[in-house]
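> got a predicted structure plus its sequence, pasted below:
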Amino acid sequence: MAKLLQCVFTFLVICCWATTAASIGMRYKDPKQPVEVRITDLINRMTLEEKIGQMTQIDRYVATPEVMQKFFIGSVLTGGASPPAKETSPEAWINMVNDFQIGSMSTPLEIPMMYGIDAVHGNSKVLNATIFPHNIGLGVTRDTELIKKIGAATALEVRATGMNYAFAPCVAVCRDPRWGRCFESFSEDPNIVRAMTEIIPGLQGDINSNGRIGVSFNGEKEKVASCAKHYVGDGGTTRGINENNTKIDIHTLMRIHMPPYIDSVRKGVASIMISYSSLNGVKMHRHPHLISEFLKKTLKFKGFVISDFMGVDKMTNPPRANYTWSIQHSVMAGIDMIMVGFDYPDFISRLKYLVKNNYIPISRINDAVRRILRVKFIMGLFENPFTAFSMGKYLGNQDHRDLAREAVRKSLVLLKNGKRVDQPMLPLPKNSAKILIAGTHANDIGNQCGGWTIEWNGKSGNITQGTTILSAVKKVVDPTTEVVYVENPTPDFIKSNNFSYAIVVTGEFPYSESAGDSQDLTIPEPGPTTIMNVCGSVKCVVVLMSGRPVVIEPYVSSIDALVAAWLPGTEGQGVTDVLFGDYGFTGKLAHTWFKSVDQLPMNVGDLHYDPLYPFGFGLTTEPSTGY
């Protein structure tokens, strides 16, 4: 209660300041003034220390209200898995964020901070949030209206925890599934990725009709600032190795990897995050031609450019080998906000030294601060810096879960349906006598959500609220149907029971970033063994959960029906909705499914294109109810 009263008091003080702004000449506090007038007025009042503070983003672990006030910190993030406590309610998140905001609003100029989080498939680091399918599944839908709704729902769930900045969407064009971040990519086809940038107006709201391209916000309290990432070419690295080098000519870069950013800018994205990767041997974090020249001048991007987490540190090998040089070159390349992480005093000190000794001109600092402040003003943060506890009702609400369930249904791709064309296995009957459910992913929320869920790499187990495939099956089948669950049954067990059919749910275990890089792309054990044991003994459908196409050809002949479910998130009933025929299969592959890793990289349009399942493939079924 004390914290709430403190927030209310601070808010009332802000309101009083705003009403008297014109009379005392503080035009930046007057919401009736044009945004650019407010920005100029505020910048003219700022010290170098205050400007550098705006360019500094720190991790929640090292943030306190006192740090925010003393160092004029402009932004905080939840990196990795850093909630305020393990079992965290929306109210606890809001209290934490508002506390930091109180520190920011206690500075002489009262500049509010932004708080960012990797809400890449819903507000996925927060316990009991709605977890949507990862982008690899959403690209399958080709449904721009759906993706916009998901953006709007994600914005509400981010706001439900007090935060106002989402490091999403990832608009990488994954050209090689060996990349550990391929599940963050909507498609290998830039046209699909371009269409899916419709999530941006979902997150932020549509640009006002009287606004201009690149001005990002409509000031709604239920929206968040978004971030297109990772600029540019991260989906085309050699052998799909994360943070590696992308060897490519400028025309191919502009044809394949750049178009989603052009669309993102046109839709008013508030920020763009720079990739860890290199382009033809040059780290993207020090690429002035593509950041300052092309992005800011040619595309006329008006938001701010942010580094990746400790991305400036990684500009040298080993990291921080020459940190001052890295800061100089990243800021001069056009990066406006530095995701410092932890050692903010060192960063601030070095950047201050570089400016005072004319290694970085004050004009570059002013440009960076102007861009950051522009987003904050358009967001309405100066008028509404705090989050009301009433927003907590949006976290994991039923409307969002219903939307996620719809997304799961539309993201499924039916790769095989029966060993004979005239004898389809799907849809499954609901009134069979006895069915077997098997596999490591059948009763595991963490496995079906994948990486970037609660923890950075994700985690197996029932780590958050949701519906597993097993529980979804039990809900949909006839009450007289016996459902038997054995994770990895033996052939003898299967043959000793009279199962009508089996559902095997298996695939990759959770990972993210470099931990997911794979040069063989095999399904980890016991997945293959379970498939062979079950499908060799009883009629079976395999539901494959993976962050990309994986090696499946050796098992296809023994499988009766095969469904690519990707990483569907918390709403497992979306899978059973389609398996049992309440809805039909409609999904079409947005990534080529290879036969062998020796073929990689292989993308639609290549001269020697010989996939197992081509881009755009997907069998369809009609809804079939009443049995």
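All right, it came through fine.

> and the residue positioned nearest the centre of the chain, bridged to which residues?
Closest residue to the average C-alpha location of the chain: Val120 at 1.6 Å, with C-alpha atoms, centre = their mean. For Val120, the beta-bridge partners are Gly122 (DSSP bridges).

> looks like it contacts Ala168 (just checking).
Yes - if you go by C-beta atoms under 8 Å, Val120 and Ala168 touch, sitting 4.9 Å apart. (Each C-beta comes from the backbone N, C-alpha and C, glycine too.)

> tell me the backbone dihedrals of Met273, please.
With angles defined as degrees, to the nearest 10, Met273 sits at phi -100, psi 140.

> distance of the nearest residue to it once chain neighbours are set aside relative to Phe309?
Nearest non-adjacent residue to Met273, counting by C-beta to C-beta, 6 or more residues apart in numbering: Lys229, 3.7 Å away. Separation of Lys229 from Phe309 (C-beta to C-beta, to the nearest Å): 11 Å.

> who's more crowded, those two?
Lys229 (26 against 20; other C-beta atoms under 10 Å).

> let me know the next secondary structure element after the strand or helix carrying that one.
Here Lys229 is covered by strand 227-231, with elements defined by DSSP states H and E. For strand 227-231, the following helix or strand on the C-terminal side (DSSP H and E) is strand 245-246.

> so which elements touch the helix or strand that comes right after that next one?
Of the helices and strands lying after strand 245-246 in sequence (DSSP H and E), the nearest is helix 250-252. When contacts are defined as 3 or more C-beta pairs under 8 Å, 6 or more residues apart in numbering; DSSP states H and E, helix 250-252 packs onto no helix or strand at all.

> residues in contact with helix 250-252?
Here helix 250-252 makes contact (C-beta atoms under 8 Å, 6 or more residues apart in numbering) with no residue beyond itself.

> next one: that helix to chain centre, how far?
Averaging C-alpha positions (C-alpha atoms, centre = their mean, to the nearest Å) puts helix 250-252 27 Å from its chain's average.

> could you give the mean pLDDT of it?
Averaged across helix 250-252, pLDDT comes to 98.

> low-confidence ranges, this protein, go.
1-24, 81-87, 208-219, 625-627 (pLDDT under 70).

> what's the domain layout of it?
46-394, 412-613 (the TED database).

> now render these as CSV, adding distance to Lys29.
Output for those, formatted as CSV (distance: least, C-beta to C-beta, whole Å):
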stretch, distance to Lys29
domain 46-394, 7
domain 412-613, 38
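
> nearest to Glu36, out of those domains?
Ranking the domains of the chain by proximity to Glu36 (C-beta to C-beta) places domain 46-394 first, at 7.9 Å.

> now do that closest one: distance from first to last residue.
37 Å (C-alpha to C-alpha, to the nearest Å).

> kindly confirm my reading that Val542 is in a strand.
Yes - per DSSP: H, G, I helix; E, B strand; the rest coil, Val542 lies within a strand segment.

> OK, contacts around it?
504-506, 531, 535, 555, 559, 561-563.

> quick one: which of those is nearest to Leu109?
Nearest member of the contacts of Val542 to Leu109, counting by C-beta to C-beta, is Val505, at 54.9 Å.

> wait, isn't the closest one in contact with Leu436?
No - in this structure, Val505 is not within contact of Leu436 by C-beta under 8 Å, at 11.3 Å.

> between those two, who's got more neighbours?
Val505 (30 against 23).

> now the phi/psi pair for the more buried one, please.
phi -120, psi 110.

> what's the answer for Gly53, then?
As for Gly53, its main-chain torsions (degrees, to the nearest 10) stand at phi -60, psi -40.

> measure it to Val76 for me?
For Gly53 relative to Val76 (C-beta to C-beta), the value is 12 Å.

> give me the common contacts of those two.
Common neighbours of Gly53 and Val76 (C-beta under 8 Å, 6+ apart) do not exist.

> so which of the domains of the chain comes closest to Pro623?
Closest among these, using C-beta to C-beta: domain 412-613, at 5.1 Å.

> run through the helices of the stretch 351-500 of the chain in chain order.
362-379, 398-411, 445-449, 469-476, 491-495 (DSSP state H, counting those that start in this stretch).

> how about TSV for the ones you listed, with mean neighbour count and distance to Lys148 added?
Formatted as TSV, these follow (neighbours: other C-beta atoms under 10 Å; distance: least, C-beta to C-beta, whole Å):
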stretch	mean neighbour count	distance to Lys148
helix 362-379	21	19
helix 398-411	22	11
helix 445-449	27	22
helix 469-476	20	26
helix 491-495	15	45
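
> now Ser226: how far from Ile199?
8 Å.

> between these two, tell me which one has more neighbours.
A count of neighbours by other C-beta under 10 Å puts Ser226 above the other of Ser226 and Ile199, at 33 against 29.

> is the more buried one in contact with Val269, as I believe?
Yes - contact criterion C-beta under 8 Å: Ser226 and Val269 qualify, at 5.6 Å.
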